[in-house]
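In: Sequence isn't available, so here's the structure alone:
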């Protein structure tokens, strides 16, 4: 199914006549906008494919041994991030009333604190929907600090990290009389990097499990795709289960020369460090 979407999009692009005037340009923009929408559900659809693949695999197989699958998916998703970035940028540049301080999708004065706050609220509302309550989130950093970045990318990464932390804390304190400790977000402004640290006291991850969290074939939660096979509604975020949030967030970070590291203390909690490069000198890491 995913392959067919790509074939359709490739065909649409190839058959589009040469652009000669602003009207053609407007039509072209509408066409690539439609292509972007067509591919909205690629990630859950691929997750479904990987789940089906997993069912056919020996349950004792070592997931890290499946390097070929992981390398393919890394390349595939990195390429998807790049294509969507280019389409999004082109479409936004045609917008007659761009938001202030924006060049296409790039916000030249983005406040990481503000984006982290929005993403955290979104993650909390998903947690509320799933569990009926959600731990507090404390955010630390300079509210006046801004730097150029793509807010949508940062929102996605912080949302995934905070959602994981909320789930860990919520499940650890579900049957406890104690008040669940807050998830802490710290935004640090360095010379080379802006680093966002997401800290929780959700019990941590075993050291043996740490390498698995960056693979696409592993999730500690039950898979939501088995329950909701209608992918038309795949935009509603689930709390967990695709096993994709962390590896894809790392690709988004790496796309602009950053990275994502996760350090865990089993029995206590986990710290995720999201590094965003602010030098603006990194090449697009094409697969």
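Out: The structure has been received and is ready for your questions. The shown structure was predicted, so the numbers you read here are calculated from the model rather than taken from an experiment.

In: so residue 213 makes contact with residue 248?
Out: No: assessed by C-beta atoms under 8 Å, residue 213 is found out of contact with residue 248, at 12.0 Å. Glycine gets a C-beta too; all of them are placed from N, C-alpha and C.

In: for the chain, longest helix please?
Out: helix 67-93 (DSSP state H).

In: Show me what that helix is packed against.
Out: If you count contacts as 3 or more C-beta pairs under 8 Å, 6 or more residues apart in numbering; DSSP states H and E, helix 67-93 packs onto helix 22-38, helix 42-56, helix 245-255.

In: Residue 7: neighbouring residues, count only.
Out: Using other C-beta atoms under 10 Å, residue 7 has 10 neighbouring residues.

In: thinking again about what came up before, what angle separates the longest helix of the chain from helix 245-255?
Out: 60 degrees (axes from the mean of the first three to the mean of the last three C-alpha atoms, to 10 degrees).

In: If you count neighbours, what's buried in helix 67-93?
Out: By neighbour count on 16 or more other C-beta atoms under 10 Å, the buried set for helix 67-93 is 69-70, 73-74, 76-78, 80-81, 83-85, 87-88, 90-91.

In: With stretch 188-198 instead?
Out: Using 16+ other C-beta under 10 Å as the test for burial, stretch 188-198 gives 188, 193-198.

In: what two of the residues you listed are the furthest from one another?
Out: 193 and 198 (15.4 Å; C-beta to C-beta).

In: where exactly do the helices run in this protein?
Out: Using DSSP H, helices in the chain cover 2-15, 22-38, 42-56, 67-93, 112-131, 151-172, 224-227, 245-255.

In: Determine which of those approaches residue 204 most closely.
Out: Of the helices of the chain, nearest to residue 204 by C-beta to C-beta is helix 151-172, at 8.1 Å.

In: That closest one - what's its average pLDDT?
Out: Helix 151-172 shows a mean pLDDT of 95.

In: And residue 216, its phi and psi?
Out: Backbone torsions of residue 216, given as degrees, to the nearest 10, read phi -90, psi 0.

In: Repeat that for residue 101.
Out: Dihedral angles for residue 101 - degrees, to the nearest 10 - are phi 70, psi 20.

In: for residue 265, which residues make a bridge with it?
Out: Residue 265 forms beta bridges with residue 269, as assigned by DSSP bridges.

In: In this structure it contacts residue 205, no?
Out: No: taking C-beta under 8 Å as the definition, residue 265 is not a contact partner of residue 205, at 9.1 Å.

In: what about the two, which has more around it?
Out: Between residue 265 and residue 205, counted using other C-beta under 10 Å, the more crowded position is residue 205 (20 against 13).

In: Leaving out the residues flanking it, which one is nearest to the more buried one?
Out: residue 264 (4.3 Å; C-beta to C-beta, 6 or more residues apart in numbering).

In: so who does the one you found touch?
Out: Counting by C-beta atoms under 8 Å, 6 or more residues apart in numbering, residue 264 makes contact with 204-207, 210, 270-271.

In: Let me see the confidence value for residue 244.
Out: 78.

In: roughly how far apart are it and residue 195?
Out: Residue 244 sits 23 Å away from residue 195, going by C-beta to C-beta, to the nearest Å.

In: Tally up the residues packed near residue 166, please.
Out: Neighbours of residue 166 (other C-beta under 10 Å): 28.

In: Then residue 245?
Out: For residue 245, the count of nearby residues is 21 (other C-beta under 10 Å).

In: ok, it touching residue 162?
Out: No: Residue 245 is beyond contact range of residue 162, at 10.4 Å (criterion: C-beta under 8 Å).

In: circling back to that earlier point, can you pick out the most distant pair from the contacts of residue 264?
Out: Taking C-beta to C-beta, no two of those sit farther apart than 206 and 271, at 15.4 Å.

In: out of these two, which sits in the busier spot?
Out: The neighbour count for residue 206 versus residue 271, taken as other C-beta under 10 Å, is higher for residue 271 (18 against 11).

In: ok, now how distant is the more buried one from residue 203?
Out: On the measure of C-beta to C-beta, residue 271 and residue 203 end up 13 Å apart.

In: Repeat that for residue 2.
Out: Distance check for residue 2 against residue 203: by C-beta to C-beta, it reads 36 Å.

In: likewise residue 72?
Out: Residue 72 sits 33 Å away from residue 203, taking C-beta to C-beta as the criterion.
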